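**Student:** below is the sequence, then the predicted model.
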Amino acid sequence: MSDISPARSNPEPGGTPPREVDWLLADADWVLTCDAAMSAIPSGAVAIEGDTLVGVGSSRDIRSRFRGRNEMCLKGCLVAPGLINTHGHAAMSCFRGLGSDLPLERWLTEVIFPAEASHVTPEFVHYGTLLSCIEMLKGGTTTFCDGYFFEEEAARAAQESGIRAVLGQGILDFPTPDQPDPSRFAERAEAFLRSFPPGESRLQPSLFCHSISACGPETLRRVKSICRESGILFQIHLSETASEVEQVIGRYGTRPVHHLDRLGILDDRTLCAHAVWLDREEIDILAARGAGLSHNEESNMKLASGIAPVPELIGAGVRIGLGTDGCASNNDLDLFSEMDMVAKSHKAFRKDPMACSAAAVLRMATRGGSAVLSHQGMTGGIEEGWKADLIVIDLDQPHLTPLYDPISHLVYAAGAGDVRHVWVDGRLVVSNGTILTLDESRIMKEVLRIAGKIAGAS
Ligand SMILES: CSC[C@H]1O[C@@H](n2cnc3c(O)ncnc32)[C@H](O)[C@@H]1O
Ligand SMILES: [Zn+2]
């Protein structure tokens, strides 16, 4: 059980006195660094100064070098990097579970798009995103990548919560809740970028073209060019269902990845969500261009979209993170259950227990996610000089006893409810399972009020 108490700094006799830092977290049973070798440090410790990890190692070593203004003894706990959710629509927590058990096209056109036209307002996005930030932070997610409407409100919510986020303004060639005139999509995108608080490194803007079906070639080209000029991430839903691929072939005479490649969309600042239906050539193009993917297995399974070729993508060197998608197609934002499902579904689909290992899945949820968001060297690992985005798991529980392999434990046995403490950018935002930055019960009440109107209208 973790305890905020002095961690007994231990200077070497006659040596330099320990450096004083903001936080010294010591005596953890394990520190999972998620470094390139996915190493785990037994009896480990970390030191945090400001927003940065300044010491990572054995408790003995770190205690000899640092003394914390705040110290925590983490006996019975595991420390891991904060998880990274690379695809979602945070505000859609207000639609949690709406239209369950339909395939993607019917779910979108019969339920979600009409509900969005009637109910999505700045207030909906603000409270839906706040609720999602609470769920994500309490469940060990410290970064999320988003795409929705009125995304200024999502940015405001992320800012209030203390989470790290990439926030994508949604663009379609159809009227949307925040742009009734689709011909003015570029003005909407530019207004969003202008609204973005400058100098806020924890939050980054992005643009999100919904899909090839919803955005014509000119829209895709223009939005990508705005992204290039601004040095920001371009996002798109890609090849989510087999029928979407058939539609693209029917309309453009080529498969979706070739279509995007011909338009010059694919590079290392493009993030494609889903990418379920890919052929060999498309996988090679994605790898050659350095494009990133978000693998959203639970959403793909719930909408019966299919199983993405993850082992082939990893084999080809494509960069992949894990995403939950929105709460209407998952129906939660829990990256622990997502990791468990990803590892098991690929094993079952291939009838091969080695098809997708626990380490490969944890890598996608940490370093992989960081790479597709261009946060590499900053998040997704516990390394000196990187951002202090950390989670502490309480191991002192029946379902986590005994422990032989900490990575296997994190992926197959631990759950979002086992997260005790969370730091983002060096700031403690969840303590003993309680969110410190937001008023959880007030936000739930506001979301219930919004949900009451949605339920009353349907
Ligand atoms: C511009 S992104 C927001 C837009 O996307 C819709 N959406 C949510 N989940 C999915 C999905 O899995 N595939 C396609 N579109 C999705 C959301 O409802 C918004 O309209
Ligand atoms: Zn999506």
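**Tutor:** Happy to help now that I have it. None of these values were measured; they are calculated from a predicted model. Numbers count the residues shown, from 1 in each chain. Ligands and ions are numbered 1, 2, ... in the order given.
**Student:** ok, the closest residue to V411 other than its chain neighbours - contacts?
**Tutor:** Distances taken as CB to CB, 6 or more residues apart in numbering put A358 closest to V411, at 3.9 Å, once the chain neighbours are dropped. Every residue, glycine included, has its C-beta placed from N, CA and C. Residues in contact with A358 (CB atoms under 8 Å, 6 or more residues apart in numbering) are M339, A343, D405, I407, S408, L410, V411, Y412.
**Student:** of the residues you listed, which is the nearest to T33?
**Tutor:** Minimum separation from T33 among these (CB to CB) is found for I407, which lies at 11.0 Å.
**Student:** any idea how many residues pack against that closest one?
**Tutor:** Using other CB atoms under 10 Å, I407 has 20 other residues around it.
**Student:** rewinding a little: now the residue nearest to V411: how far from S408?
**Tutor:** According to CB to CB, to the nearest Å, A358 stands 5 Å off from S408.
**Student:** do M339 as well
**Tutor:** M339 sits 11 Å away from S408, going by CB to CB.
**Student:** swap in S239?
**Tutor:** Taken as CB to CB, the span from S239 to S408 is 31 Å.
**Student:** settle it for me: which of the two has more neighbours?
**Tutor:** Comparing S239 with S408 by other CB under 10 Å, the one with more neighbours is S239, at 26 against 16.
**Student:** show me the shaky parts of the stretch 1-150 of the chain.
**Tutor:** Applying pLDDT under 70 to the stretch 1-150 of the chain flags the ranges 1-14.
**Student:** make it 90
**Tutor:** By pLDDT under 90, the low-scoring segments of the stretch 1-150 of the chain are 1-16.
**Student:** Three-state assignment for the closest residue to ligand 1 within the stretch 351-458 of the chain, please.
**Tutor:** The nearest approach of the stretch 351-458 of the chain to ligand 1 comes at I454, 13.6 Å away (CB to the nearest ligand atom). Three-state assignment for I454 (DSSP: H, G, I helix; E, B strand; the rest coil): helix.
**Student:** OK, contacts around it?
**Tutor:** I454 touches C94, F95, L98, A115, H119, counting by CB under 8 Å, 6+ apart.
**Student:** and the next helix or strand past the strand or helix carrying E187?
**Tutor:** Under the criterion DSSP states H and E, the helix or strand holding E187 is helix 185-195. Per DSSP H and E, helix 185-195 leads on to strand 203-211 as the next helix or strand towards the C-terminus.
**Student:** for that next one, C-alpha coordinates in CSV please.
**Tutor:** Only the C-alpha atoms of strand 203-211 are listed here, as CSV (Å, rounded to 0.1, in the frame of the first residue of the first chain):
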residue,chain,number,x,y,z
LEU,A,203,-2.1,20.4,-25.3
GLN,A,204,-1.6,20.3,-29.1
PRO,A,205,-4.1,21.1,-31.9
SER,A,206,-4.8,18.8,-34.8
LEU,A,207,-7.3,18.5,-37.6
PHE,A,208,-9.4,15.4,-38.2
CYS,A,209,-10.9,14.7,-41.6
HIS,A,210,-13.6,12.2,-40.8
SER,A,211,-12.9,9.6,-43.6
